[in-house]
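Novice: The sequence and its predicted three-dimensional model are supplied below.
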Amino acid sequence: MVIDIHSHFFPESWPDFSVRFGTPDWPWLKHLGNGEAMVMVGSREFRRIPQVCWDPVLRLEELDRQGLDVQVISATPVLFSYGRPAEEALEVARIFNEAALEMCSRAHGRLIPICQVPLQDIDLACAELTRSMKAGHRGVQIGNHVGMKNLDDPGIITFLHHCADEGAAVLVHPWDMMAPERMPNYMMPWTVAMPAETQLAVSALILSGAFDTLPRSLRICFAHGGGSFAFLLGRLQNAWTHQPLCRGASQFPPMHYVDRFSVDSAVFDQRSLKLLIDVMGEDRIMLGSDYPYPLGEQHIGELICTSDLPADSKTKLLSSNAERWLGVSTTTSDMDHESRAGQAKRDPTMRDTTTAVACPSGDNGSHSLEQQRMSGAPVDMQAPDRRFGGHDLSPEIQLTYGSYLHVPELLLLQQPSSPTHDELLFIIIHQTYELWFKELLHDLDAVVESLARVASRQWHDQVYEAARLLRRCTEIMRVLVNQFTILETMLPTHFMAFRGKLEPASGFQSEQFREIEFLCGLKDEKFLRQHAREPEAYARLERRFHAPSLHDVFFDALAAIGKLPAIPQNASEDERFQLRAEAIRNIYEDEHNYRDWIDTCERLTEFDELMVAWRLRHIQVVERIIGARHGTGGSEGAAYLRTTLAKRLFPELWEARTMLHQPDVTPAR
């Protein structure tokens, strides 16, 4: 099986968008005869294309000639329409997505479509991806930016989360290249700017911390070998190591993230391919040709097949990595099993073995495809390969509970420093806290994003979503409060047996707990300075410290709906506080119209209340186990913890209760 994951198509025709939408400079196709057409953008010639772009019969003939079994097709980026109104871009996307499905339906399972979406509107993009996946697409192709928004834009990150949820393969293709005014000649936007655009996209996802929050199930690939990223990764790593400003919000150095994405093989040079394998690893590279355009690989797969890679490595690059990216099985297809079963009946001596991947031969049709070898039937007479066209797919490797959750690795993370029996409990309790803190940050970030959309007047169920996630956060906090009860089963003497080995470590140093405080709006610069010697932690906390907090976006959202009046620039902090508290009171006193907002307020109040309960239980446990001793990190122990009880994340929510009007009740006569 040989799979090309990067190729393009155009339909033979499509509606005149300039007429449909009443605006100029839309792409259209001018047929030139002799099997060629010119892609026009308004009155400007964009690219001459061959008939294989729209004719599946000729396309399959070319796949046979090149020795390919399967080719993934995607639209050419000029069709993205990110700069158009979102509703128009959605209509365009649906037209080309349906055209791709129609073309693939006549290709006997050998052409696999991935869709396009209106990425300038995340809600529409998510909806179109879901619709397209249900219709038969295996993934989505997106540009490396939308206007001035790089891939680290919060909305685009939300879309990538949705891709992971849908199981969609993602191909990032550079487009709308930078600095065209400086590259008017020699196709330099394609040869110089495209690699830079792709490096920018990868770097943005790394340094923004996006890969730290995106699930590992996201299958994302960058075209053209990842652009200049592999060659310049050393420069990025060096900058991250020696200059804190270059670290962004990433938890780890750039080299840590090379297993989070894949690239195609369109680098056209053996030395470049070797470097790419050295940097990315052979499990992260897939055959990609950029067919049928002139800057693509002319003899598809030749670079891989003529390399000195061992056979099993070539198999990965030519097929198995692509199958994993597409989310399909590496076992033989239903079609192959049926073919083998039929042959076995006729020939009992036939062995059911898996044929090794054969490199494309480019010998004008003499290459024998795997299906032909196994069934003896012409390719165009065979049934579609169910691996790529259906949803009843077996996983590449049988997933288990342990492998999905990384249980073996997880259970190696508890390393007591003493033979004391209860030290294991102490470690597990605190590791569990940190895991729940991670989930709280994940959910609270989503709450901030939902309320920020309200503040920017993108209403669509965002208040409900914020309240829903806050409900989860309060339940997590309730678990954290109750977890102290387990720790209280440890005798003070048993803790003393290993306490001396903990110095100078302290729960006071929990970076994630401090992140939660900063994220909610409880910001104190002295806590930031305490992490100055830890560059990774400091960078994350500094980003939280300067970013809008949940407190900020909540009141920005109230202002957006007209419940918080404009606060004068010269207002004192007390005056600002009173105005915010009055806004909360007014919402509570208009319950009929603001039920979702009141629910959000109640969830925030409950979360704040549980934070205080968590601090109180912390004090009680500390006093119960170590009494009035100082903490292992040098703090005053329980005495210091008592000073934190007065901290409120959302004090206006509490003040509003004092300000509520009590209606007059006239006694009945």
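Specialist: Arrived safely.
Novice: For the stretch 451-600 of the chain, which residues score under the pLDDT cut-off?
Specialist: Per-residue confidence for the stretch 451-600 of the chain (pLDDT under 70) gives these ranges: 458-460, 508.
Novice: How is the protein divided into domains?
Specialist: Segmentation of the chain into domains, based on automatic domain parsing, reads 3-327, 423-510+548-659.
Novice: Deepest-packed of the ones you listed, please.
Specialist: domain 3-327 (a mean of 19; mean count of other C-beta atoms under 10 Å). For the C-beta atoms, the positions are set from N, CA and C on the backbone; glycine is no exception.
Novice: so how far is the first residue of that domain from its last?
Specialist: Length of domain 3-327, first residue to last, C-alpha to C-alpha, to the nearest Å: 13 Å.
Novice: Check the offset of that domain from the chain's centre.
Specialist: The chain centroid and the centroid of domain 3-327 are separated by 16 Å, computed with C-alpha atoms, centre = their mean, to the nearest Å.
Novice: Need the contact partners of the helix or strand hosting residue 236.
Specialist: For residue 236, the host element (DSSP states H and E) is helix 229-242. The contact list for helix 229-242, computed with C-beta atoms under 8 Å, 6 or more residues apart in numbering, reads 198-199, 202-203, 206-207, 222, 246-247, 250, 253-255, 258, 263, 275-276, 279-280.
Novice: Quickly find the element holding the spatially most central residue of the chain.
Specialist: Taking C-alpha atoms, centre = their mean, the centroid of the chain lies closest to residue 160, which sits 3.7 Å from it. For residue 160, the element it lies in under DSSP H and E is helix 154-166.
Novice: quick check: mean pLDDT across that helix?
Specialist: Helix 154-166 comes out with an average pLDDT of 95.
Novice: Stretch 103-120 too?
Specialist: Averaging pLDDT residue by residue across stretch 103-120 gives 96.
Novice: how near is residue 639 to residue 487?
Specialist: Computed as C-beta to C-beta, to the nearest Å, the residue 639 to residue 487 distance reads 20 Å.
Novice: Please name the residues that touch the spatially closest residue to residue 446 that is not a sequence neighbour.
Specialist: Nearest non-adjacent residue to residue 446, counting by C-beta to C-beta, 6 or more residues apart in numbering: residue 469, 5.5 Å away. Residues counted as contacts of residue 469 (C-beta under 8 Å, 6+ apart) are 443-444, 446-447, 450.
Novice: which among those gets closest to residue 660?
Specialist: Closest approach between the contacts of residue 469 and residue 660, by C-beta to C-beta: residue 447, at 24.9 Å.
Novice: The closest one contacts residue 550, doesn't it?
Specialist: Yes: in terms of C-beta atoms under 8 Å, residue 447 counts as a neighbour of residue 550; the distance is 6.3 Å.
Novice: need the contact list for the residue nearest to the centre of the chain.
Specialist: Neighbour list for residue 160: 151, 170, 210, 214, 218, 220 [criterion: C-beta under 8 Å, 6+ apart].
Novice: again, 7 Å this time
Specialist: Contacts for residue 160 (C-beta atoms under 7 Å, 6 or more residues apart in numbering) come out as 170, 214, 218.
Novice: Repeat that for residue 277.
Specialist: Going by C-beta under 7 Å, 6+ apart, the list of residues near residue 277 reads residue 285.
Novice: try 10 Å this time
Specialist: 230, 265, 283-285, 307, 309, 313, 316-317 (C-beta atoms under 10 Å, 6 or more residues apart in numbering).
Novice: tell me the secondary structure for it?
Specialist: helix (DSSP: H, G, I helix; E, B strand; the rest coil).
Novice: Give me the pLDDT value at it.
Specialist: pLDDT for residue 277: 95.
Novice: Distance of it relative to residue 13?
Specialist: Shown here: residue 277 relative to residue 13, a distance of 42 Å by C-beta to C-beta.
Novice: now stretch 247-260: mean pLDDT?
Specialist: Mean predicted confidence for stretch 247-260 is 93.
Novice: Can you show me the CA trace of that stretch as PDB?
Specialist: Listed in PDB are the C-alpha atoms of stretch 247-260, where the atom choice follows Å, rounded to 0.1, in the frame of the first residue of the first chain:
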ATOM      1  CA  ARG A 247       9.800  30.800  25.800                       C
ATOM      2  CA  GLY A 248       6.300  32.100  25.600                       C
ATOM      3  CA  ALA A 249       3.900  29.900  27.500                       C
ATOM      4  CA  SER A 250       5.400  26.500  26.500                       C
ATOM      5  CA  GLN A 251       6.000  24.200  29.400                       C
ATOM      6  CA  PHE A 252       9.000  22.600  27.700                       C
ATOM      7  CA  PRO A 253      11.700  23.400  25.200                       C
ATOM      8  CA  PRO A 254      10.700  23.300  21.500                       C
ATOM      9  CA  MET A 255      12.400  19.900  20.800                       C
ATOM     10  CA  HIS A 256      10.100  18.300  23.300                       C
ATOM     11  CA  TYR A 257       7.100  18.800  20.900                       C
ATOM     12  CA  VAL A 258       8.300  17.100  17.700                       C
ATOM     13  CA  ASP A 259       6.200  14.100  18.500                       C
ATOM     14  CA  ARG A 260       3.000  16.200  18.600                       C
END
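Novice: so where is the stretch 251-400 of the chain shaky, pLDDT-wise?
Specialist: 329-358, 360-398.
Novice: got the residue ranges for the helices in it?
Specialist: Assigned by DSSP state H, counting those that start in this stretch, the stretch 251-400 of the chain shows helices spanning 270-280, 302-305, 311-315, 321-326, 334-346, 370-375, 386-389.
Novice: Tell me which other helices or strands the helix or strand that comes right after the last one touches.
Specialist: Beyond helix 386-389 on the C-terminal side, the first helix or strand identified by DSSP H and E is helix 401-405. When contacts are defined as 3 or more C-beta pairs under 10 Å, 6 or more residues apart in numbering; DSSP states H and E, helix 401-405 packs onto helix 407-410.
Novice: Tell me the first helix or strand C-terminal of the helix it packs on.
Specialist: helix 423-455.
Novice: Which residue ranges of the protein form strands?
Specialist: With DSSP state E as the criterion, the chain has strands at 3-9, 27-33, 36-41, 44-50, 70-75, 111-113, 139-143, 145-146, 149-150, 169-173, 219-222, 262-264, 285-286.
Novice: now what about the last one, what contacts it?
Specialist: For strand 285-286, contacts defined as C-beta under 10 Å, 6+ apart pick out 3-6, 72, 171, 221, 225-226, 230, 262-265, 267, 273, 276-277, 279, 304, 313, 316-326.
Novice: how does it look with 8 Å?
Specialist: Against strand 285-286 from outside (C-beta under 8 Å, 6+ apart): 3, 5, 221, 225, 262-265, 276-277, 316-317, 321-322, 325.
Novice: With the first one instead?
Specialist: Strand 3-9 has contacts (C-beta under 8 Å, 6+ apart) with 53-54, 68-76, 99-100, 103, 171, 221, 223, 264, 266, 286-293, 296, 300-301, 318-319, 322-323, 325-326.
Novice: and if we set it to 6 Å?
Specialist: 53, 68, 70-73, 76, 223, 264, 286-291, 300, 319, 322 (C-beta atoms under 6 Å, 6 or more residues apart in numbering).
Novice: and what of the second one?
Specialist: With C-beta under 6 Å, 6+ apart as the test, strand 27-33 has contacts from 37-38, 40-41, 78-79.
Novice: then it to CSV, C-alphas only?
Specialist: The C-alpha trace of strand 27-33 is given here as CSV (Å, rounded to 0.1, in the frame of the first residue of the first chain):
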residue,chain,number,x,y,z
PRO,A,27,-11.8,32.1,-8.3
TRP,A,28,-13.3,30.6,-11.5
LEU,A,29,-12.2,28.1,-14.1
LYS,A,30,-11.5,29.0,-17.7
HIS,A,31,-11.3,25.8,-19.8
LEU,A,32,-8.6,26.0,-22.5
GLY,A,33,-9.3,22.7,-24.4
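Novice: That strand pairs with which strands?
Specialist: strand 36-41 (antiparallel) (DSSP bridges).
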